[in-house]
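Undergrad: pasting the structure only:
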């Protein structure tokens, strides 16, 4: 079984420091918090809840400490502000409406992180930019991983957990076609801006490629080589090249012959988890394997021609998160873990505020339990046969698990929005939507609706394109706080699915 690619490791060690000043609050402010009893687990049989809390979290009258708190996402800043209360101000790093999957920090963002004493992150691989951002910012700060302690979900029965061999073969051929065309243009001089060299180089009387800089690199991370081989005594051709791997699950495709992959560091051979037969762009076979970060020797042998084509890519060209699905916050009962982690992190950074943070956390956890009951009561209005979700990308898994939905499929077959589906994948999704009798497809705000609208035309379903999943709205919008965001999304989903 091919498992999803795990791409980025998140370092979140808590390191204390002290700086001065405060930051402005995130747009949207804190979720209102009435006085409430101690948190309780959500009941099995949910009951409707009041529309919304009405008062803000309170704190004892005291001067706020000189601690600058920064959260990566707006919804995370709002959750943290409820814990911080009046004692601290929490700013959001990523602007409203910006997808964290594709966010690229600016020099101003690096300065914000450098000036912070506390940085709150979602974790679980959501912030793919985080490692380089922390390195560029330098200094020391408390880093709070909000999702610490939560376990990434696995697909339930009936969900499309991974690409089938047929889907994977199609995706690899799409990637190969793009890479092959680009390489031909470069070789012909059509791309004068590229310094890519295709072919082999002489060094120490042995033919081999110097490194991966001599390959054409595709925007999704695929690399493509035209490799010149050396004639052997038996009339076949062989050669090798060295490759620097970033680590993760990869596909290596060749145009025939045999391929052996060996770690330069350990000397151990890497075995293929699965082998596929291809017939595209000169490629005839592909090996799927897991590799660790490091340098590898790729030995090519048994080729009948003096040149070999070789492609290395992530299966389907998709980017995946290192720890699986990071969208825990779309289940409010999991946000209780966020609150506990934020509370404990703020106490570590500001022990004098411990009483404030504990009291505010208890109030907000009570609101999350109330939100959970509200969502369950709203979902109960949807006929069970209609509780089927098709979304833009893999983000609603935890929501579906909590409230009894079935995930039929996604337009982008990844937990990141940075991937692209093939025509074959869209065709299979269209078939699944028809077979399952899906009523609607749901997109987050800012998502490109083109493919969803195409799917809707072919299947007759509706498109709901204004869910807030990764960002809050501005103060005048429908989702200025995390709780408002969840209530708004649920009402949109219920309205779209409860009829018929």
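TA: Perfect, thanks for sending it. Quick caveat: nothing in here was measured; it's all calculated off a predicted structure.

Undergrad: And for the closest residue to residue 329 other than its chain neighbours, the neighbour number?
TA: In this structure, residue 329 finds its nearest non-sequential neighbour in residue 335, 5.5 Å apart by Cβ to Cβ, 6 or more residues apart in numbering. Using the backbone N, CA and C atoms, a C-beta is placed for each residue, glycine as well. Residues near residue 335, counting by other Cβ atoms under 10 Å, number 28.

Undergrad: how much space between residue 335 and residue 141?
TA: According to Cβ to Cβ, to the nearest Å, residue 335 and residue 141 sit 23 Å apart.

Undergrad: Checking residue 125 next. Helix, strand or coil?
TA: Of the three states, residue 125 takes coil according to DSSP: H, G, I helix; E, B strand; the rest coil.

Undergrad: these two touch, right, it and residue 326?
TA: Yes: at 5.4 Å, residue 125 counts as touching residue 326 under the criterion of Cβ atoms under 8 Å.

Undergrad: circling back: give me the three-state assignment for the residue nearest to residue 329.
TA: Residue 335 is classified as helix under three-state DSSP.

Undergrad: Give me the pLDDT value at it.
TA: You'll see residue 335 listed with a pLDDT of 98.

Undergrad: any weak-confidence spans in the stretch 201-350 of the chain?
TA: 201-222, 315-323 (pLDDT under 70).

Undergrad: tell me the helices in it, going along the chain?
TA: Residue ranges of the helices in the stretch 201-350 of the chain, as given by DSSP state H, counting those that start in this stretch, are 332-349.

Undergrad: which regions of this protein lie under the pLDDT threshold?
TA: 1-65, 155-164, 167, 182-222, 315-323, 413-420, 422, 424, 500.

Undergrad: longest helix of it?
TA: Ranked by number of residues, the top helix in the chain under DSSP state H is helix 354-379.

Undergrad: for that one, which positions count as buried?
TA: By 16 or more other Cβ atoms under 10 Å, the buried positions in helix 354-379 come out as 356-357, 359-376, 378-379.

Undergrad: and the angle from that helix to helix 332-349?
TA: 170 degrees (axes from the mean of the first three to the mean of the last three Cα atoms, to 10 degrees).

Undergrad: Give me the contacts around the next helix or strand after helix 354-379.
TA: Sequence order places strand 388-393 as the next helix or strand after helix 354-379, per DSSP states H and E. Strand 388-393 has contacts (Cβ atoms under 8 Å, 6 or more residues apart in numbering) with 396, 400, 405-417, 419, 429, 433, 436-444, 447, 452, 455, 461, 493, 497.

Undergrad: nearest residue to residue 347 other than its sequence neighbours?
TA: Nearest residue to residue 347 in three dimensions, chain neighbours excluded: residue 354, at 4.6 Å (Cβ to Cβ, 6+ apart).

Undergrad: Would you agree residue 298 is in contact with residue 261?
TA: Yes: Residue 298 is in contact with residue 261 according to Cβ under 8 Å; the separation is 5.8 Å.

Undergrad: Need the residues touching each of the two.
TA: residue 252.

Undergrad: that older thread, filter the contacts of strand 388-393 down to just the ones in helices.
TA: 400, 429, 433, 436, 452, 455, 493, 497.

Undergrad: For residue 290, state which of those residues is nearest.
TA: For those, the residue nearest residue 290 by Cβ to Cβ is residue 429; the value is 27.0 Å.

Undergrad: separation between the closest one and residue 376?
TA: 28 Å.

Undergrad: same question, residue 98
TA: Separation of residue 98 from residue 376 (Cβ to Cβ): 31 Å.

Undergrad: ditto for residue 398
TA: 14 Å.

Undergrad: Quick check: the gap between residue 394 and residue 97.
TA: Residue 394 is 21 Å from residue 97, where distance means Cβ to Cβ.

Undergrad: Which one's more surrounded, those two?
TA: Taking neighbours as other Cβ under 10 Å, residue 394 and residue 97 compare with residue 394 leading, 26 against 15.

Undergrad: tell me the domain ranges of the protein?
TA: The chain breaks down by automatic domain parsing into domains covering 165-317, 382-497.

Undergrad: Which among the ones you listed is found nearest to residue 339?
TA: domain 382-497 (10.6 Å).

Undergrad: Show me how far the closest one is from its chain's centre.
TA: Domain 382-497 sits 16 Å away from the centroid of its parent chain (Cα atoms, centre = their mean, to the nearest Å).

Undergrad: Quote the end-to-end distance of it.
TA: End-to-end span of domain 382-497 (Cα to Cα, to the nearest Å): 6 Å.

Undergrad: just stretch 232-240 next, same as before
TA: End-to-end distance of stretch 232-240 (Cα to Cα): 13 Å.

Undergrad: What residues of it count as buried?
TA: In stretch 232-240, counting by 16+ other Cβ under 10 Å, buried: 237, 238, 239, 240.

Undergrad: Also stretch 73-91?
TA: In stretch 73-91, counting by 16+ other Cβ under 10 Å, buried: 73-91.

Undergrad: Of the ones in helices among the contacts of strand 388-393, grab the buried ones for ChimeraX.
TA: Restricted to buried positions by 16+ other Cβ under 10 Å, the ChimeraX selection for the ones in helices among the contacts of strand 388-393 reads:
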select :400,429,433,452,455,493,497
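
Undergrad: would you turn the ones in helices among the contacts of strand 388-393 into a markdown table with distance to residue 137?
TA: Shown next, in a markdown table, are the ones in helices among the contacts of strand 388-393 (distance: Cβ to Cβ, whole Å):
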| residue | distance to residue 137 |
| --- | --- |
| 400 | 36 |
| 429 | 40 |
| 433 | 44 |
| 436 | 46 |
| 452 | 37 |
| 455 | 41 |
| 493 | 38 |
| 497 | 44 |
